[in-house]
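Engineer: Provided below for reference: sequence and predicted model.
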Amino acid sequence: MIRHRIRNLALVLVSLLCLAFTGGVVATLIVKPEAFRSAIGGPFALEDIEGRRITEADYRGRFMMLYFGYTYCPDVCPTRLQEMTLALEALEAEAPELAARITPVFVTVDPRRDTREALRAYAAHFHPRLEALRGSEAEVAEVVRSFQGYVNYVPQADGADYLVDHTAYVYLMGPDGAYLTHFTAFDDETEMTARLARLTD
Ligand code: NI
């Protein structure tokens, strides 16, 4: 009987510890912004349109404006990439030194169709410094996951083509590689420029 009670007490203690631990993790995420920051982004290895291996370390010392998308995207991607372009161009007129430190990056989530040549042709429509990156499907999926994003391949009725449902945030990473902020579909180029202009080291 006593042994039974001790075991029950032990179970209660374990449950309380679990609760405290879970609560602690949640509280840490809420209270400490750096805990949230470190949850977005991380190491990656992709290739650029020249076939060069590019990692997150290549962006140290620069701000990185990162967008996931694909060249076959019918509407959202061209709009977002155009907004990124306009925002950066406006900042170049306003604060050229700061603008020069911001690198716009496009990572395709559709590497099957987005070859290096397809990316090269597509990137030419946007900011001249836009860096288009690709990798294997597994590599791309891993990068998307590290940014807490999602990708979903949606087959179309005709069977010939497919759409890619994907995160449409523009992420802004600092010179140390840490997450700073992101822009949603509600932030147009004017809002982007205003927030970029406030960036400091
Ligand atoms: Ni898209």
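Structural biologist: Now that the structure is in, tell me what you want to look at.

Engineer: Low-confidence regions, the protein specifically.
Structural biologist: In the predicted model of the chain, residues 1-37, 201 satisfy pLDDT under 70.

Engineer: Residue numbers of it in contact with the ion?
Structural biologist: Neighbours of the ion within the chain, by C-beta under 5 Å from the ion: 69, 73, 76-77. Glycine gets a C-beta too; all of them are placed from N, C-alpha and C.

Engineer: So which of these are in helices?
Structural biologist: If you go by DSSP state H, the residues of the chain next to the ion have 76-77 in helices.

Engineer: Buried among the residues of the chain next to the ion? Make that a PyMOL selection.
Structural biologist: Restricted to buried positions by 16 or more other C-beta atoms under 10 Å, the PyMOL selection for the residues of the chain next to the ion reads:
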select buried, resi 69+73+77
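
Engineer: So if we follow the domain assignment, how does this structure break up?
Structural biologist: 2-31, 45-197 (automatic domain parsing).

Engineer: Would you reformat these as a markdown table and include distance to residue 38?
Structural biologist: Below are these laid out as a markdown table (distance: least, C-beta to C-beta, whole Å):
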| stretch | distance to residue 38 |
| --- | --- |
| domain 2-31 | 10 |
| domain 45-197 | 7 |
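
Engineer: With respect to burial, which of those domains scores highest?
Structural biologist: Ranked by mean neighbour count, the domains of the chain are led by domain 45-197 with a mean of 17 (mean count of other C-beta atoms under 10 Å).

Engineer: mind checking how far that one is from the chain centre?
Structural biologist: Here domain 45-197 is found 8 Å from its chain centre; the criterion is C-alpha atoms, centre = their mean, to the nearest Å.

Engineer: Show me the strands in the protein, by range?
Structural biologist: Per DSSP state E, the chain carries strands over the ranges 45-47, 53-55, 63-69, 102-108, 131-133, 151-155, 162-166, 170-173, 179-183.

Engineer: what's the angle from the last one to strand 63-69?
Structural biologist: Meaning strand 179-183. Here the directions of strand 179-183 and strand 63-69 differ by 50 degrees (axes from the mean of the first three to the mean of the last three C-alpha atoms, to 10 degrees).

Engineer: Can you list the neighbours in contact with strand 179-183?
Structural biologist: 36-41, 63, 169-174, 191-192, 195, 199 (C-beta atoms under 8 Å, 6 or more residues apart in numbering).

Engineer: Could you do the second one as well?
Structural biologist: Around strand 53-55, the neighbours that count as contacts under C-beta under 8 Å, 6+ apart are 43-48, 131, 133.

Engineer: Please identify which of these is nearest to residue 144.
Structural biologist: Of all the contacts of strand 53-55, residue 144 sits closest to residue 44, with 9.8 Å by C-beta to C-beta.

Engineer: OK, contacts around the closest residue in space to that closest one that isn't next to it in sequence?
Structural biologist: Of all residues beyond its chain neighbours, the one nearest residue 44 is residue 143 (4.5 Å), with distances taken as C-beta to C-beta, 6 or more residues apart in numbering. Counting by C-beta under 8 Å, 6+ apart, residue 143 makes contact with 44, 46, 68, 107, 135.

Engineer: Many thanks, we can stop here.
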